[in-house]
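Asks: quick one, structure for this:
(2 chains)
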There are 2 protein chains.
Amino acid sequence: MTDIKTYIAENQSRFLDELFGLIRIPSVSPRPENKPFMKIAAGYISELLLKAGVDHSQVYETPGNPVVYGEKITDKTKPTVLVYGHYDVMPADPLDLWTSPPFEPEIRDNRIYARGANDDKGQMFMHIKAFEYLAKSKKLNCNVKFMIEGEEEVGSAGLKDFCTKNRELLASDIIIVSDTTMATEDTPSITNGLRGICSFEVEVTGPDRDLHSGHYGGAVMNPVNALSKIIAGLTDHQQKITIPGFYDDVEIISDIEREELKKAPFHIEKFKKSIKIPDVYGETGFTVLERIGMRPALDVNGIWGGYSGEGTKTIIPSKAFAKITIRLVPDQDPDKIAALFEKHIKNTAPAGIKVDVKYLHGGKAYVSPIESKGFVSASLAYEKTFGKKPIPIRSGGSIPIISDFESILGVKSVLMGFGLESDAIHSPNENFRIEYLHKGIETITWFYHYFAGVNS
Amino acid sequence: MTDIKTYIAENQSRFLDELFGLIRIPSVSPRPENKPFMKIAAGYISELLLKAGVDHSQVYETPGNPVVYGEKITDKTKPTVLVYGHYDVMPADPLDLWTSPPFEPEIRDNRIYARGANDDKGQMFMHIKAFEYLAKSKKLNCNVKFMIEGEEEVGSAGLKDFCTKNRELLASDIIIVSDTTMATEDTPSITNGLRGICSFEVEVTGPDRDLHSGHYGGAVMNPVNALSKIIAGLTDHQQKITIPGFYDDVEIISDIEREELKKAPFHIEKFKKSIKIPDVYGETGFTVLERIGMRPALDVNGIWGGYSGEGTKTIIPSKAFAKITIRLVPDQDPDKIAALFEKHIKNTAPAGIKVDVKYLHGGKAYVSPIESKGFVSASLAYEKTFGKKPIPIRSGGSIPIISDFESILGVKSVLMGFGLESDAIHSPNENFRIEYLHKGIETITWFYHYFAGVNS
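Replies: Numbers count the residues shown, from 1 in each chain, chains lettered A, B, ... in the order given. Sure thing, here's the model as predicted:
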């Protein structure tokens, strides 16, 4: 059998065909109308696993979307690696900003353009192919289990349930995940921290119907004006979150860690230019990377209410809505924060309206130790592929299930991401560089080598 | 020839057929895609005028939507009444809140339910029928001119142009308009004041695309958070508008006028119940009727940005928008206020974003003298129909063209409205009571009697 580089080169067009087949299934988990596609995507992955060489594979129903499980047990005395990934994707809108259709992958400039090209269909797919190589070439020197879910973008409720009910099935020594981003394209990095999250929908109700703003304006609290006051009041002029008790459990960043972070490659002008903003903006007293990686943040993800068509419609809208997420850091508890948030909104809402807060989902922040066997093996694997020792980074994103894995299964995760910021995940024109798809497969193969010893 | 009551009774089903034909034309002026219907509606009205007995009628093209003109000149030495109305209507959305389709009129509980049933197709139609009666029964003792436009809901730019170019054609002694609301169903009233208006669209731009709120949250100003801060900052805790210089030209309400207003029928609990709000809310130091009729107000008519679908989409939206209208009072100048608004928004916008303000249209407030011949004639006409002397009221709404009539044509207007608050104009389930449609026709007929002398 040939080496991994040659294997990738010889099979690359088949790899793309297989991945494109998965991408074409619009498994958008935040959209209930796309529900039928979740089962189709799960079945497709189960097939991929079987073709790659697992002993058996099964699609498990959950209260939400199905979980795909597959395993190859080579020797029960050997270590077991559990691979986690997800097949669900974010909605593709606004559709008019896509150059090519989001669910019809297209290659341009050696990048795959499609929703899920990176997050996480593309990155998850690398694990199946790395495993396929090791299984086919008889180089697998450990047990491998796959657990691929369909609700990562909406809080992983089904998977949490699945983990709780299948602790033995999922017994393992390490969990590996590719669902994160590297520091830069020239800076291999392993994410050793993730922020937690709380997600809300706030609904403000004023009059029972849209009112003529001339006949009522000035005497009735306008739900949009009220919602704006509520949102504006959630952060102060220093961009600190004003919810009483919010910072009580926030981990204090040590000076050593702050010094370490300053070594990470970061160019503020390049950062601003890459997203075309006039200036950065955030919590007073912290750098951009600290604000993203180590400090909480509160963002409105969407707002709507009243008239949004052409021209003017002179109404006081009956209702206004906002979707709000708060990113958490260690050691904030999402349920506790959610309760504080709800209480604060109720306490500070202006008179004359009714406000409802729906807590959609929450997940804790996560930090993994960089001296563990898993982290060290991953580090060596990256160095082998990229020719550079990777740096540990804290991501501002959230994969709430990672901290659940620790509490439910008692297993740590290693976050071996191969994404780049330019991949535009969650945005129009999401893409994934084919070069990094290949590098990912290569690195994951080396991870097994260092973690479990490969017969080569 | 019979009297007006009998004439209405004998012709009521034809009246409804004719009005319904007009309502079925979706002449929604704020929607460019409805443009073709404006000409159709104008043509329909021109036909109605001819059938009612005008000497001739013409549809005038304007840079915007056409203006329908028609006249009957009985004797050039006699007074001339100019009737103003509009055939354009507000958008009907949200459509799902309508019990019956907005452009398919339906009678329930002796009310006509449809967009435009009251505003202003229904109220304008009364004038055509009052004229028809007087013309057919040879009781018309003055000259009558009709000027019916199609851009009232979007600022009347075309009509303003038409008036400027046709001063002689439109020469008249009084303008009568039915496009307002009565104090209560038992309180006939004539509107002697209207608020002015400034209408804006505010656009906040942050990053050049929607960003992953995990990977950027905390370091980038979120356009929705920014827009909320901007809107929240436009009013203070006393609900005063914070724009510097905003109140400089505001007319001071005299104690006498405030005392007069206190006599108007108003029940705060009934008011709250009628629109199902927990409490009224407005500028400190003023009553509800003062806040609506005599004080400025700032309302967001619509807001949008980012994700509004099911579940959560963890993004920092690239853009956020709001439509905002400010109601003005005498002697505020809309263009001056618009400049102050724009300057204030630019000055107070948070860093890290770009903000654009589009001034959509503006119109001055209007006050008409209650001792004028027009007002007195209207007052007698109401008393004849309703058996009660009407009270003068200041409406919170705006008909910007009314103050333009005064400055361009040099003619005062009398606002003889027959709407009720329960008619829900601009809202879903707009309706008009058939009883008030008939009372309106009757009252207008009596207006001619008192204003010009009718041969009866």
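
Asks: secondary structure element for the closest residue to chain B within the stretch 51-200 of chain A?
Replies: For the stretch 51-200 of chain A, the residue closest to chain B is A:Ser199, as judged by Cβ to the nearest Cβ, at 4.4 Å. Just so you know, the C-beta spots here come from the backbone N, C-alpha and C atoms, and that holds for glycine as well. Secondary structure from DSSP states H and E places A:Ser199 in strand A:196-205.

Asks: direction included, what does that strand pair against?
Replies: Applying DSSP bridges, strand A:196-205 is found paired with strand A:319-328 (antiparallel), strand A:354-363 (antiparallel).

Asks: kindly reformat the ones you listed as TSV containing mean pLDDT, mean neighbour count and distance to A:Glu257.
Replies: What follows is those, written out as TSV (pLDDT from 0 to 100; neighbours: other Cβ atoms under 10 Å in any protein chain shown; distance: least, Cβ to Cβ, whole Å):
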stretch	mean pLDDT	mean neighbour count	distance to A:Glu257
strand A:319-328	98	25	18
strand A:354-363	95	18	22
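
Asks: so how far is chain B from A:Pro32?
Replies: 6 Å (Cβ to the nearest Cβ, to the nearest Å).

Asks: repeat that for A:Lys276.
Replies: Distance, A:Lys276 to chain B, by Cβ to the nearest Cβ: 4 Å.

Asks: okay, that residue and A:Ala114: tell me how far apart.
Replies: Distance check for A:Lys276 against A:Ala114: by Cβ to Cβ, to the nearest Å, it reads 23 Å.

Asks: what segments of chain A are helices?
Replies: Secondary structure of chain A (DSSP state H): helices at A:4-23, A:35-52, A:121-136, A:157-165, A:213-216, A:223-232, A:255-262, A:268-274, A:288-293, A:334-348, A:373-386, A:400-409, A:434-452.

Asks: worst mean pLDDT among those?
Replies: Of all those, helix A:255-262 carries the lowest average pLDDT, namely a mean of 83.

Asks: how far off centre is that one?
Replies: 25 Å (Cα atoms, centre = their mean, to the nearest Å).

Asks: ok so, going back, format the helices of chain A as CSV; extra columns: distance to chain B and mean neighbour count.
Replies: Rendered in CSV, the data for the helices of chain A read as follows (distance: least, Cβ to the nearest Cβ, whole Å; neighbours: other Cβ atoms under 10 Å in any protein chain shown):
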stretch, distance to chain B, mean neighbour count
helix A:4-23, 19, 16
helix A:35-52, 11, 19
helix A:121-136, 14, 25
helix A:157-165, 11, 19
helix A:213-216, 3, 26
helix A:223-232, 3, 26
helix A:255-262, 13, 12
helix A:268-274, 8, 13
helix A:288-293, 4, 22
helix A:334-348, 12, 17
helix A:373-386, 20, 20
helix A:400-409, 11, 20
helix A:434-452, 16, 23
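
Asks: which stretch among those comes nearest B:Glu290?
Replies: Across the helices of chain A, B:Glu290 has its closest neighbour in helix A:213-216 (13.5 Å, Cβ to Cβ).

Asks: which other helices and strands does the closest one contact?
Replies: In this structure, helix A:213-216 makes packing contacts with strand A:315-316, strand B:297-306, strand B:319-328, judged by 3 or more Cβ pairs under 8 Å, 6 or more residues apart in numbering or on different chains; DSSP states H and E.

Asks: and those strands: which comes nearest A:Arg195?
Replies: Nearest to A:Arg195, of the helices and strands packed on helix A:213-216 and by Cβ to Cβ, is strand B:297-306 at 19.4 Å.

Asks: may I have the closest one as CSV, with CA atoms only?
Replies: Provided in CSV are the C-alpha atoms of strand B:297-306 (Å, rounded to 0.1, in the frame of the first residue of the first chain):
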residue,chain,number,x,y,z
ALA,B,297,-43.5,62.1,18.4
LEU,B,298,-40.8,59.8,17.0
ASP,B,299,-41.7,56.3,16.0
VAL,B,300,-39.8,53.4,14.4
ASN,B,301,-42.2,52.1,11.7
GLY,B,302,-40.1,49.1,10.9
ILE,B,303,-36.7,47.5,11.7
TRP,B,304,-34.9,44.7,10.1
GLY,B,305,-31.4,43.1,9.9
GLY,B,306,-29.8,39.7,10.1
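
Asks: elements contacting it?
Replies: By 3+ Cβ pairs under 8 Å, 6+ apart, strand B:297-306 packs against helix A:213-216, helix A:223-232, strand A:297-306, strand A:315-316, helix B:223-232, strand B:319-328.

Asks: now the angle from it to helix A:223-232?
Replies: Relative orientation of strand B:297-306 versus helix A:223-232 (axes from the mean of the first three to the mean of the last three Cα atoms, to 10 degrees): 70 degrees.

Asks: any idea of the mean pLDDT in strand B:297-306?
Replies: For strand B:297-306, the mean confidence score works out to 98.

Asks: give me the residues contacting stretch A:24-41.
Replies: A:22, A:44, A:59, A:65-66, A:87-92, A:103-105, A:115-116, A:150-154, B:309-313 (Cβ atoms under 8 Å, 6 or more residues apart in numbering or on different chains).

Asks: which one of the helices and strands packed on strand B:297-306 lies closest to B:Ser13?
Replies: helix A:213-216 (31.4 Å).

Asks: just how off-centre is the closest one within its chain?
Replies: Offset of helix A:213-216 from its chain centre (Cα atoms, centre = their mean): 45 Å.

Asks: fine, thanks again, bye for now.
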